[in-house]
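Peer 1: Give me coordinates for this.
(4 chains)
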Amino acid sequence: MRIAYFAWVRERMGVAEEMVALPEGIATVGDLVGWLAARDARGAGAFAEPHRIRAALGGAMVGPEALIGDADEVALFPPVTGG
Amino acid sequence: MRIAYFAWVRERMGVAEEMVALPEGIATVGDLVGWLAARDARGAGAFAEPHRIRAALGGAMVGPEALIGDADEVALFPPVTGG
Amino acid sequence: MIRVAVQSAAIDVAAALAAHDAGGHGASASFIGRVRGDGGLVELFLDHHPVLTANGLEDLAAQAGARWRLEALTLIHRVGAMAPGDTIVLVLASSAHRAEALAACEFLIDRLKTDVMLWKRESFADGRSAWVEQRETDHDRAGRWG
Amino acid sequence: MIRVAVQSAAIDVAAALAAHDAGGHGASASFIGRVRGDGGLVELFLDHHPVLTANGLEDLAAQAGARWRLEALTLIHRVGAMAPGDTIVLVLASSAHRAEALAACEFLIDRLKTDVMLWKRESFADGRSAWVEQRETDHDRAGRWG
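Peer 2: Model prediction:
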């Protein structure tokens, strides 16, 4: 599965996207954000405040309770700041 | 004094403007409209319904009670129909 | 910069936009009104009073400038004979803030329909020709601005 | 005709207007949003998600098309790095009726500010650079549309 990062989430992660194999027990977007925050220092910097993170699955906005299932892409980013 | 006509008032009068010497007793715009309506057939056609006539003196809209005084121009026309 | 014009020549929207704005304003709202060919209309003729019409446009521009913080305002009205598709009126309003540009543009086009001295005559393909009567809907919209 | 674009190339307003409209529509309202150089801003960078951003614009265009009788609609949003004075966004809405063109244009620019997936980073002459936080005022305006 691909994780795509945007805005300051991308800057803090140091990459625009990465391919990951989800570990056992990571089922929802919220689980994924928690796992990334615990994985390393970059993840801790990007995801220390999960309430500031928004997510999209396969092109649609979702909440932290959304099941990742066999989605190709999870996108993680801050609230939008408009045009 | 010059009288300028616009829109269907101009068409019915057959001229865009004319120079007139105001007769005795014609003091207001309303007087002038009444005099034009009585003067000839063209005036009767243009000014038979004075409530449909609007007027301007020296570039400002005025009512029928306005005194003509020594104005250079009285403009007579229908209500505007916009841009 | 305020620019007001009453002209019988065709309105060149791109040129007016370029003259209005060299690119520095935060937000520009515009309105382009064109002659509609409804009901077989072949010509729209706008009669105008050179002084009253220009005064009316300048007065509207001044009102908009007093009401909103505008960086530039362009108001061009065509008069004389026009064909369907021709541009009758162009409003351009620029401000640092989008809400002000949008509100000024809407105010101006609503008021143009009622406050400016112009008289419309419509000619149709079947030979009919008539001066347009005042429309209540224009007054309703213009009245919203109090 | 609905045209939606997300592009890193400069927005050519005159060309977009020509493509939008061959002159047949009764009323065209437009909004041009530009980068402001407030506070010493030297660069505005807009990050975007290729799919989400385009979907957001298309969804907004469809909402406007369902709400108002529009004859043409153009929505162009620039992304990437921009300088003060550059055009960020262009909205063009045409209708037979001016009230619908104006309302659609205002709806679209209000919603663009909140509903479309874009992230702004501002860089200043003194070297500071920061991602913009969500602004409440944008939400207030967008909320008016219910």
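Peer 1: so how many other residues sit close to the closest residue to A:D31 other than its chain neighbours?
Peer 2: Once flanking residues are discounted, A:D31 sits nearest to A:G25: 7.2 Å by CB to CB, 6 or more residues apart in numbering or on different chains. Quick note: C-beta positions are derived from backbone N, CA and C, even for glycine. Around A:G25 sit 7 other residues, with neighbours defined as other CB atoms under 10 Å in any protein chain shown.
Peer 1: again, but for A:G69
Peer 2: A:G69, neighbours per other CB under 10 Å, totals 10.
Peer 1: Quick check: it is in a helix.
Peer 2: No. Looking at A:G69 with DSSP: H, G, I helix; E, B strand; the rest coil, it is coil, so not inside a helix.
Peer 1: ok, then the element right after the lengthiest helix in chain A?
Peer 2: If you go by DSSP state H, chain A has its longest helix at helix A:29-39. Helices and strands here follow DSSP states H and E; after helix A:29-39, the next one along the chain is helix A:41-47.
Peer 1: Report the mean confidence score over that following helix.
Peer 2: In this model, helix A:41-47 has a mean pLDDT of 97.
Peer 1: what's the next helix or strand after it packed up against?
Peer 2: With elements assigned by DSSP H and E, the helix or strand that comes after helix A:41-47 is strand A:54-57. The contact analysis (3 or more CB pairs under 8 Å, 6 or more residues apart in numbering or on different chains; DSSP states H and E) places strand A:54-57 against helix A:29-39, strand A:60-62, strand A:73-77.
Peer 1: neighbouring strands for the least confident helix or strand in chain A by mean pLDDT, and are they parallel or not?
Peer 2: Sorting the helices and strands of chain A by mean pLDDT, DSSP states H and E puts strand A:60-62 at the bottom, at a mean of 90. Strands that pair with strand A:60-62, judged by DSSP bridges, come out as strand A:54-57 (antiparallel).
Peer 1: in stretch A:1-19, what counts as buried?
Peer 2: A:I3, A:A4, A:Y5, A:F6, A:A7, A:W8, A:V9, A:R10, A:E11, A:R12, A:M13 (16 or more other CB atoms under 10 Å in any protein chain shown).
Peer 1: Just the endpoints, please. Distance across stretch A:64-72?
Peer 2: 17 Å (CA to CA, to the nearest Å).
Peer 1: which residue packs closest to the residue sitting furthest away from the middle of chain C, ignoring adjacent ones?
Peer 2: In chain C, C:D126 marks the outermost C-alpha relative to the chain mean, sitting 28.5 Å out by CA atoms, centre = their mean. Leaving aside its chain neighbours, C:D126 sits nearest to C:G40 (6.3 Å; criterion: CB to CB, 6+ apart).
Peer 1: Phi, psi for that neighbour please.
Peer 2: phi 80, psi 20 (degrees, to the nearest 10).
Peer 1: so how many other residues sit close to it?
Peer 2: 12.
Peer 1: Quick check: it vs C:S129, distance?
Peer 2: Per CB to CB, to the nearest Å, C:G40 is found 12 Å from C:S129.
Peer 1: Repeat that for C:L108.
Peer 2: 30 Å.
Peer 1: Please identify which of the two sits among more neighbours.
Peer 2: Comparing C:L108 with C:S129 by other CB under 10 Å, the one with more neighbours is C:L108, at 25 against 13.
Peer 1: A:R2 touches A:I68, doesn't it?
Peer 2: No. Using CB atoms under 8 Å, A:R2 is not in contact with A:I68, being 11.4 Å away.
Peer 1: and for stretch C:89-97, what are the contacting residues?
Peer 2: Stretch C:89-97 has contacts (CB atoms under 8 Å, 6 or more residues apart in numbering or on different chains) with B:83, C:11, C:13, C:16-17, C:20-21, C:25-33, C:64, C:68-78, C:100-102, C:104-105, C:108-109, C:112, D:36.
Peer 1: For the helices and strands packed on strand A:54-57, please prepare JSON lines with the additional fields mean neighbour count.
Peer 2: As requested, the helices and strands packed on strand A:54-57 are exported to JSON lines (neighbours: other CB atoms under 10 Å in any protein chain shown):
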{"stretch": "helix A:29-39", "mean neighbour count": "18"}
{"stretch": "strand A:60-62", "mean neighbour count": "15"}
{"stretch": "strand A:73-77", "mean neighbour count": "22"}
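Peer 1: List the residues that contact the spatially most central residue of chain A.
Peer 2: By CA atoms, centre = their mean, the mean C-alpha position of chain A lies nearest to A:L76, the distance being 3.7 Å. Applying CB under 8 Å, 6+ apart to A:L76 gives the contacts A:3-6, A:9, A:32-33, A:36, A:46-47, A:53-55.
Peer 1: got these as JSON lines, with distance to A:M61 columns?
Peer 2: Output for the contacts of A:L76, formatted as JSON lines (distance: CB to CB, whole Å):
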{"residue": "A:I3", "distance to A:M61": "16"}
{"residue": "A:A4", "distance to A:M61": "14"}
{"residue": "A:Y5", "distance to A:M61": "16"}
{"residue": "A:F6", "distance to A:M61": "13"}
{"residue": "A:V9", "distance to A:M61": "15"}
{"residue": "A:L32", "distance to A:M61": "15"}
{"residue": "A:V33", "distance to A:M61": "15"}
{"residue": "A:L36", "distance to A:M61": "19"}
{"residue": "A:A46", "distance to A:M61": "19"}
{"residue": "A:F47", "distance to A:M61": "18"}
{"residue": "A:I53", "distance to A:M61": "12"}
{"residue": "A:R54", "distance to A:M61": "7"}
{"residue": "A:A55", "distance to A:M61": "7"}
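Peer 1: wait, which of those residues is closest to D:L60?
Peer 2: Nearest to D:L60, judged by CB to CB, of these is A:R54 at 18.0 Å.
Peer 1: which regions of the chain lie under the pLDDT threshold?
Peer 2: In the absence of a named chain, chain A is used. A:83 (pLDDT under 70).
Peer 1: my bad, chain C
Peer 2: In chain C, residues with pLDDT under 70: C:22-24, C:135-146.
Peer 1: where along it do the helices fall?
Peer 2: Counting by DSSP H, the helices of chain C are C:13-20, C:50-67, C:98-115, C:136-143.
Peer 1: can you pull the buried residues of the first one?
Peer 2: What it means is helix C:13-20. Applying 16+ other CB under 10 Å to helix C:13-20 flags C:V13, C:A16, C:L17, C:H20 as buried.
Peer 1: How about the secondary structure of A:L22?
Peer 2: A:L22 is classified as coil under three-state DSSP.
Peer 1: nearest spatial neighbour of C:A125, skipping sequence neighbours?
Peer 2: C:G40 (4.1 Å).
Peer 1: Surely A:P50 and A:V33 touch.
Peer 2: Yes. Counting by CB under 8 Å, A:P50 does reach A:V33; the two are 5.1 Å apart.
Peer 1: With secondary structure and distance to chain C as added columns, please give the buried residues of stretch A:1-19 in TSV.
Peer 2: Shown next, in TSV, are the buried residues of stretch A:1-19 (DSSP: H, G, I helix; E, B strand; the rest coil; distance: CB to the nearest CB, whole Å):
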residue	secondary structure	distance to chain C
A:I3	strand	35
A:A4	strand	30
A:Y5	strand	30
A:F6	coil	25
A:A7	helix	22
A:W8	helix	25
A:V9	helix	28
A:R10	helix	27
A:E11	helix	27
A:R12	helix	30
A:M13	helix	33
